[in-house]
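Undergrad: Below is the sequence, then the predicted model.
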Amino acid sequence: MLENIKTEDILFLDIETVPICYNYSGLGEAARKLWDNKFRFQTNDTPENQYKKAGIYAEFAKVICISVGYMTGKTFRLKSFAGDDEKIILEDFALLLNKHYNKKESLLCAHNGKEFDYPFIARRMLINKVPLPQILNIAGKRPWEVTLLDTMELWKFGDYKNFTSLSLLAYVFNIPTPKDDIDGSDVARVYYEEKNLERIVTYCQKDVLTVAQLILRFKGEALINAEQVVIA
């Protein structure tokens, strides 16, 4: 599987996002009306209660961390763009893509990336007036010209009804689990209440490493060991 893809051409990534306003009550009147309208047909729950999911909607959330990893020789290098200023994060990430991942063979890889990470980044770039790097600018491209890998999609093998978490695949393939501290549902609380961005960055980097390990498993290659990992 993936025999024609070189691991060295792949930039592995994961993002962490939080609601722009931590609580529903913090939304301005216009934003609150738009949020309420989004969930107007969900009669089994209130828009206010639904707000705990706000971090997954690019219109109501922001990126606080993008972690990336790549193989160079036998070393796996991890780097994170993180902070309170989303535009700086996105500009720095765009610079990396434009400088190092603008070739025909360049690939991005994330778990559930096509449903979440890639579109979320692209939408927030447009909102923040950050020009889309070519690799993310997929409008008008033919399917074979899109160089965005998704480990969940690869695992589906054409099955459209199945969602498989990264943690489950890590377990199945005997990869050390990345979920040994917090999970996605904790990120907003850790960011707004604990103000512990470093903890979120560590969590995000572990996911990136796990995605890379999963691709290596798919390719039938040896896993990355702890001694090979370098954090920039």
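TA: Here it is on my side, so go on. Numbering: from 1, shown residues only.
Undergrad: Next, find the distance separating the residue of the chain most remote from its centre from Val201.
TA: The C-alpha centroid of the chain is most remote from Thr43, which lies 30.7 Å away (CA atoms, centre = their mean). Note on Thr43: its distance to Val201, by CB to CB, to the nearest Å, is 39 Å. Quick note: C-beta positions are derived from backbone N, CA and C, even for glycine.
Undergrad: now do Leu154
TA: 26 Å.
Undergrad: and these two? which has more neighbours close in?
TA: Using other CB atoms under 10 Å, the more surrounded residue of Leu154 and Val201 is Val201, with 21 against 15.
Undergrad: Please settle this for me: is the more buried one part of a helix?
TA: Yes: counting by DSSP: H, G, I helix; E, B strand; the rest coil, Val201 is part of a helix.
Undergrad: Identify each buried residue in the helix or strand bottoming out on mean pLDDT in the chain, please.
TA: Here the helix or strand of the chain ranked lowest by mean pLDDT, DSSP states H and E is helix 47-50, holding a mean of 89. Across helix 47-50, burial judged by 16 or more other CB atoms under 10 Å covers Pro47.
Undergrad: top strand in this protein by residue count?
TA: strand 61-72 (DSSP state E).
Undergrad: by contact count, what packs against the following helix or strand past that one?
TA: Going down the chain from strand 61-72, the next helix or strand is strand 75-82, by DSSP states H and E. Applying 3 or more CB pairs under 8 Å, 6 or more residues apart in numbering; DSSP states H and E, we find strand 75-82 packed against strand 61-72, helix 86-100, helix 197-219, strand 229-231.
Undergrad: As TSV, these with mean pLDDT and distance to Gly140 would be great.
TA: What follows is these, written out as TSV (pLDDT from 0 to 100; distance: least, CB to CB, whole Å):
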stretch	mean pLDDT	distance to Gly140
strand 61-72	97	25
helix 86-100	98	18
helix 197-219	96	28
strand 229-231	95	37
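Undergrad: residue ranges with poor pLDDT in the protein?
TA: For the chain, the stretches with pLDDT under 70 are 178-180.
Undergrad: how many other residues sit next to the residue lying closest to Leu223 once chain neighbours are set aside?
TA: For Leu223, ignoring the flanking residues on the chain, the nearest one in space by CB to CB, 6 or more residues apart in numbering is Gln213 at 5.2 Å. Neighbours of Gln213 under the rule other CB under 10 Å: 24.
Undergrad: same check, this time on Tyr51
TA: Count around Tyr51 with other CB under 10 Å applied: 23.
Undergrad: Distance of the closest residue to it other than its chain neighbours relative to Asn174?
TA: In this structure, Tyr51 finds its nearest non-sequential neighbour in Tyr24, 4.0 Å apart by CB to CB, 6+ apart. Distance, Tyr24 to Asn174, by CB to CB: 41 Å.
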